[in-house]
Each structure stands twice: as C-alpha cells, then as structure tokens.
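K.L.:
predicted model and sequence follow; I will ask about them next.
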Amino acid sequence: MPSGPPPSEGQRGLARAIHELREKAKLSQAALAEQAGLPPSLLAEIESGEHDPKWGDVRRIAEALDISLEALSELAESHQIDQEV
C-alpha cells in the first residue's frame, strides 16, 4: 500500500526529463544518485514517476546532471505536453 498521495500528473514529465538526461550523460541510476547525494531507491522512484520529489532533491539532481533548473523545467514541461497530446 502506498505511503503517501500519488504523484501529480505534472511530475511524469519531470520523471521522463530526468531519465532522458541521465541516459544522455551515460550515468546509471546509482551513479546519478551518488552524485546528487540521494538514495538510489529514491532516484528510481522519482524517475519512474512514483514519487513527487522535494525541491531540494530536484535542485541536486539538476546540479549532478550539470543542467540549470530552468532547462530541466522546460524539458519536463515539453515531455508533459507530449503526454497530453
């Protein structure tokens, strides 16, 4: 049984964006999690869209991927629009 509310639909775009950027950087989930200072299981949940990340977690992921929060947000939004079409 899930321990919290389901993730918002808006986070699915973020999940896809993080996954895409991680793969472009040729990083495993474990490697990105380590660079971002997050537990690998948490990153896996964020990437799968099962967990709404905290603002600080998103910031650390963006820093580990060497991308601005603005660029990450724009990519996430574009993925969200793709899902709605």
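P.N.:
It's in.

K.L.:
what does the lowest-mean-pLDDT helix or strand in the chain contact?
P.N.:
In the chain, no helix or strand scores lower on mean pLDDT, DSSP states H and E than helix 69-84, which sits at a mean of 87. Residues outside helix 69-84 that contact it (Cβ atoms under 8 Å, 6 or more residues apart in numbering) are 9-10, 12-14, 16-18, 20-21, 58-59, 61-62, 65. C-beta: built from backbone N, CA, C; applies to glycine.

K.L.:
rerun that using 7 Å as the cut-off
P.N.:
With Cβ atoms under 7 Å, 6 or more residues apart in numbering as the test, helix 69-84 has contacts from Gly10, Arg12, Gly13, Leu14, Arg16, Ala17, Arg59, Ala62.

K.L.:
all helices of the chain, in order?
P.N.:
With DSSP state H, the ranges of helices along the chain come out as 10-24, 29-36, 40-47, 55-64, 69-84.

K.L.:
mind checking the end-to-end distance for stretch 15-35?
P.N.:
Using Cα to Cα, to the nearest Å, one end of stretch 15-35 lies 17 Å from the other.

K.L.:
returning to that earlier point: what are the buried residues along the least confident helix or strand of the chain?
P.N.:
By neighbour count on 16 or more other Cβ atoms under 10 Å, the buried set for helix 69-84 is Leu72, Ser73, Leu75, Ala76, His79, Gln80.

K.L.:
just the closest of those to Gln29, please.
P.N.:
Leu72 (16.7 Å; Cβ to Cβ).
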